[in-house]
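[1] what's the 3D shape of this:
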Amino acid sequence: MKDHADKEGEHGAETQGAVIKSFLNFSITDFFLAVFTLALVIISARQHNRLKESIEQARDDFISNQRPRLRVRNIDIRHVGNAAVYGPLPTVKIGFPMIGQFYIENRGGTDATVVGVLLNFWADNKPLPMKRPYEGLDGTYRAHPAIILAGRSATVMFDERVQSEIFQPLEEVKLADSTLYAMGWIDYIDARYNRRRTSFCRSYDPETRRFMRPDGRDYDYESEE
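    Numbers count the residues shown, from 1 in each chain. Presented below is the predicted three-dimensional model:
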């Protein structure tokens, strides 16, 4: 009877030992498996972050090299006051509205979001002053910004009055002796949300009936805020 009890005790001890050994083996295996899985997750996360950084850097480089470049062209005056324009402008009146349109062309490689435009007509019989006449003026800011795709253009309508510092209001100015300028700026945002400004200036040529770019580079430039 005693031998039978001893055998049962030994058998129970062996069984308990086997269970503990199996549990230990299982726990150690799970531990190393968990550590291995965690290591894979960390390595994958680091690789993902590096890949994301590389993609963002490549995107930033592309935008920097192919950023939007806006240009103003074809300033077209349709009416002066209530009179339609069919030929060259021999004269203009100070304070009279100039009504028409012009085009903004995107010569860059990425899209531009136009958020503000200023156009100012200026009559003068002297070279352009150092201080731009439109300094401090607010442009027309768009409640719904216009997106100009790369390689495309957009039309801007205008209704602006001729201004001057030397001529009096309602004075008639002969463009054979004086110059009519169209100047201003375009505010836009690139794909990296950098705010940029293209300033422009064009002078009217009665012979060609077109606004041409003058020599004053201080009026025709690009800047970044």
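
[2] could you use CA atoms for every contact and neighbour count after this?
    OK.

[3] I'd like the distance between the closest residue to I148 other than its chain neighbours and I75.
    Nearest residue to I148, sequence neighbours excluded (Cα to Cα, 6 or more residues apart in numbering): A112, at 5.3 Å. In this view, A112 and I75 are 20 Å apart by Cα to Cα, to the nearest Å.

[4] the more surrounded of these two?
    For A112 versus I75, neighbours defined as other Cα atoms under 10 Å are more numerous around A112 (26 against 20).

[5] show me what contacts that one?
    P68, N106, I147, I148, L149, A150, Y188, I189, D190, A191 (Cα atoms under 8 Å, 6 or more residues apart in numbering).

[6] just the helices in the chain please.
    In the chain, the helices defined using DSSP state H lie at 2-65.

[7] can you give me the strands for it?
    In the chain, the strands defined using DSSP state E lie at 70-80, 83-84, 91-93, 97-106, 112-124, 140-148, 153-163, 172-174, 179-189, 195-205, 210-212, 221-224.

[8] so which bits of the fifth one are buried?
    To tie it back to what came earlier, the one meant is strand 112-124. Buried residues in strand 112-124, defined by neighbour count with 16 or more other Cα atoms under 10 Å: 112-124.

[9] check the last one too.
    Within strand 221-224, the residues that qualify as buried by neighbour count (16+ other Cα under 10 Å) are E222.

[10] show residues contacting it.
    N194, R195, R196, R197, T198, S199, F200.

[11] what's the answer for stretch 196-215, then?
    With Cα under 8 Å, 6+ apart, stretch 196-215 has contacts from 70-72, 74-76, 87-90, 175-176, 179-190, 219-225.

[12] pull the distance from stretch 71-81 to the chain's centre.
    Relative to the centre of its chain, stretch 71-81 is centred 25 Å away, using Cα atoms, centre = their mean, to the nearest Å.

[13] put the alpha carbons of it into CSV.
    The C-alpha trace of stretch 71-81 is given here as CSV (Å, rounded to 0.1, in the frame of the first residue of the first chain):
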residue,chain,number,x,y,z
ARG,A,71,3.5,86.0,-65.8
VAL,A,72,1.1,88.7,-66.9
ARG,A,73,0.4,89.0,-70.6
ASN,A,74,-2.1,90.5,-73.0
ILE,A,75,-3.5,93.4,-71.0
ASP,A,76,-6.5,94.2,-73.2
ILE,A,77,-8.5,97.5,-72.7
ARG,A,78,-12.0,97.1,-74.0
HIS,A,79,-13.6,100.4,-72.7
VAL,A,80,-12.4,103.7,-71.5
GLY,A,81,-15.3,105.2,-69.5
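
[14] average pLDDT for that stretch?
    Averaged over stretch 71-81, pLDDT sits at 90.

[15] over to stretch 197-216?
    According to the model, stretch 197-216 has a mean pLDDT of 88.

[16] mind listing what's buried along it?
    By 16+ other Cα under 10 Å, the buried positions in stretch 197-216 come out as 197-206, 210-213.

[17] spatially nearest residue to the spatially most central residue of the chain, not counting backbone neighbours?
    The centre of the chain sits closest to D190, judged by Cα atoms, centre = their mean, with a distance of 1.6 Å. Counting by Cα to Cα, 6+ apart, D190 lies nearest to A112, which is 5.2 Å off, once chain neighbours are set aside.

[18] report the buried residues of stretch 126-136.
    L128, P133, Y134.

[19] wait, what's in contact with L118?
    Counting by Cα under 8 Å, 6+ apart, L118 makes contact with D138, G139, T140, M183, G184, W185, I186.

[20] how close does it sit to H144?
    16 Å.
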